[in-house]
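S.K.: next comes the sequence, and after it the predicted model I'd like to discuss.
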Amino acid sequence: MTPHPASPTLRNRPRRRARVSLTPLIDVVFILLVFFMLASSFTDWRSLRLTAAEPGGAAAPGVAGAMLVEVRPDGLRLAGRAVTPEALVTRLAARPETRVLVRPAGGVQMQRVVDLLDRLAAAGVTRLDLVGGRG
């Protein structure tokens, strides 16, 4: 048998190195970057210091002189009287040392209560207590 004329040429030819493309790697890194940018939360986390009064009178001695703010579905009430949020903040900011009891009514969204607590804390009210609602 005679060797095929193309055989020696193929054996002696230098092999081409396989080239690794970086394009898929760059695509994956870019997609991960976009994912983590969209999934990250850059909100400003703040906390409010408040105490929850225990039922049975644990907070009863300090209730004298406290102002009761009720958060109802139809609005705010200070000592049983309807009040706007702006008037409430103005009135309580004038006396920041006063203890303020905040009582949310049933069916009120917690975000409304947190917004009120945040506004009162920003106005300088430092003695905030969250008390359980009736019904």
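M.R.: Looks like it came in fine. Worth saying up front: this structure is predicted, and the values here are computed from it rather than measured. Residues are numbered from 1 along each chain as shown.
S.K.: list the residue ranges of this structure that fall below the pLDDT cut-off.
M.R.: Scanning the chain with the threshold set as pLDDT under 70 gives 1-11, 44-63, 133-135.
S.K.: got the contact list for the top helix by length along it?
M.R.: Longest among the helix segments of the chain by residue count, using DSSP state H, is helix 23-39. The list of residues contacting helix 23-39 from outside it, by CB atoms under 8 Å, 6 or more residues apart in numbering, is empty. From N, CA and C alone the C-beta is placed, and that goes for glycine too.
S.K.: what's the offset of that helix from the middle of its chain?
M.R.: Helix 23-39 sits 26 Å away from the centroid of its parent chain (CA atoms, centre = their mean, to the nearest Å).
S.K.: ditto for stretch 95-102
M.R.: In terms of CA atoms, centre = their mean, the centre of stretch 95-102 is found 25 Å from the chain centre.
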